[in-house]
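Trainee: attaching a predicted model along with its sequence, questions to come.
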Amino acid sequence: MASPISSSGPRFLTALEVAERMRVSKMTVYRLIRSGKLPAVRVGKSFRVREEDVDKYLDSSYVRAV
């Protein structure tokens, strides 16, 4: 009998889901991935990004208003 899939592991998002969450275009997400600013894993021809990596990227991108 197969073991049930654990939901406690990392949640992976598609480039489209990341784009919607960040309110940017999908191309911007691909640029961030290719530049190494947003870690991703390649699955076939598409990319998947860990939800926690999106949160880390956004947290590190805040700027202070002068």
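Mentor: Right, received. Where do you want to start? Residues are numbered from 1 along each chain as shown.

Trainee: only C-alpha atoms for contact and neighbour calcs from this point on.
Mentor: OK.

Trainee: got a pLDDT number for the most centrally placed residue in the chain?
Mentor: The chain has Val49 as the residue nearest its centroid, 3.2 Å off, counting by CA atoms, centre = their mean. pLDDT for Val49: 98.

Trainee: distance from stretch 59-66 to the middle of the chain?
Mentor: With CA atoms, centre = their mean, to the nearest Å as the basis, stretch 59-66 stands 19 Å off its chain's centre.

Trainee: so what touches that stretch?
Mentor: By CA atoms under 8 Å, 6 or more residues apart in numbering, no residue outside stretch 59-66 reaches it.

Trainee: in this structure, which ranges drop under the pLDDT threshold?
Mentor: Residues of the chain that meet the criterion pLDDT under 70 lie in 1-7.

Trainee: now the helices for it?
Mentor: Taking DSSP state H as the test, the helices found in the chain are 15-22, 26-35, 51-60.

Trainee: could you dump those helices to CSV with mean neighbour count and distance to Ser8?
Mentor: Shown next, in CSV, are those (neighbours: other CA atoms under 10 Å; distance: least, CA to CA, whole Å):
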stretch, mean neighbour count, distance to Ser8
helix 15-22, 17, 20
helix 26-35, 15, 25
helix 51-60, 13, 13
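
Trainee: between those, which gets nearest to Val43?
Mentor: Proximity to Val43 (CA to CA) singles out helix 15-22 among those, at 11.7 Å.

Trainee: residues in contact with the closest one?
Mentor: By CA under 8 Å, 6+ apart, helix 15-22 touches Ser25, Lys26, Thr28, Val29, Tyr30, Phe47, Arg48, Val49, Val54.

Trainee: pairing partners for the longest strand along the chain, with directions?
Mentor: Looking across the chain with DSSP state E, the single longest strand is strand 46-50. According to DSSP bridges, strand 46-50 forms sheet pairs with strand 12-14 (antiparallel), strand 41-43 (antiparallel).

Trainee: got the buried residues for that strand?
Mentor: Neighbour-count burial for strand 46-50, counted by 16 or more other CA atoms under 10 Å, picks out Phe47, Arg48, Val49, Arg50.
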